[in-house]
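In: need coordinates for the below:
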Amino acid sequence: RLQHAVACDESTLHTARALIRTLDPKPGHRFGAPEARYVVPDVVVRKVRERWVASINPASLPRVRLNRAYAEALQSRGSSQSLSRQLQEARWLLRSIEQRFATIQRVADAIVARQRGFFEYGEVAMKPLTLKLIAGELGLHESTVCRVTNSKYMATPRGLFEFKHFFSRRLATESGGAASATA
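Out: Sure, this is the predicted structure:
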């Protein structure tokens, strides 16, 4: 039917089919990444009753839990020391994950409180902010705040920003005041 539709002989059709089979249907894949990598924000910032509120994005939370029936069975039977130790390690891991997200929440809340002007008016209202200042305010080590802000993203009404975007150094203004380098 194809040969009849294009009005050609059989050898021409076979040659055309062979050529078509050698072609790449997605030629751009050789030059770029095969798939887009989307960022899932760790924190979402919204305005609630005239206040800016940061909350952990449920999509970024790992879905990990301990099966209660197995845990109770291990405790009630007096299981081996090895299994008890693994149960204890699993509980420790869950507490560590909870603590990690609690720390992310605390840092996000501190950033939102310090950068309220940004959320209202944009980058022109950005204030100078350092990791050291947030660490001191929260009673954390500066390296902890650095780790918490690395590769973490905040979804805001103004767009998606890496936590690091909210930290900028202080620059002196002509009037004797101070402004952030971003502003």
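In: return the distance of the longest helix seen in the chain from the chain's centre.
Out: For the chain, the longest helix by residue count, based on DSSP state H, is helix 81-114. How far helix 81-114 lies from its chain's middle: 17 Å, per CA atoms, centre = their mean, to the nearest Å.
In: helices and strands around that helix, which ones?
Out: Judged by 3 or more CB pairs under 8 Å, 6 or more residues apart in numbering; DSSP states H and E, the packing partners of helix 81-114 are strand 43-48, strand 51-56, helix 68-77, helix 131-138, helix 142-149. Where you see a C-beta, it was placed from the backbone N, CA and C, and this is true even at glycine.
In: give the rounded mean pLDDT of that helix.
Out: The pLDDT scores in helix 81-114 average 90.
In: buried residues in that helix, which are they?
Out: By neighbour count on 16 or more other CB atoms under 10 Å, the buried set for helix 81-114 is 87, 90, 101, 103-112, 114.
In: next, format these as CSV and append distance to Gly32.
Out: Converted to CSV, these look like this (distance: CB to CB, whole Å):
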residue, distance to Gly32
Leu87, 47
Ala90, 41
Phe101, 34
Thr103, 36
Ile104, 32
Gln105, 36
Arg106, 39
Val107, 34
Ala108, 33
Asp109, 38
Ala110, 38
Ile111, 33
Val112, 36
Arg114, 38
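In: now for these: which two are most distant?
Out: Among those, the pair separated by the greatest distance (CB to CB) is Leu87 and Arg114, at 41.3 Å.
In: among the helices and strands packed on helix 81-114, show the one with the smallest mean pLDDT.
Out: Set side by side, these differ in mean pLDDT, and helix 68-77 is lowest with a mean of 75.
In: so that one versus helix 81-114, what angle?
Out: Per axes from the mean of the first three to the mean of the last three CA atoms, to 10 degrees, the angle that helix 68-77 makes with helix 81-114 is 130 degrees.
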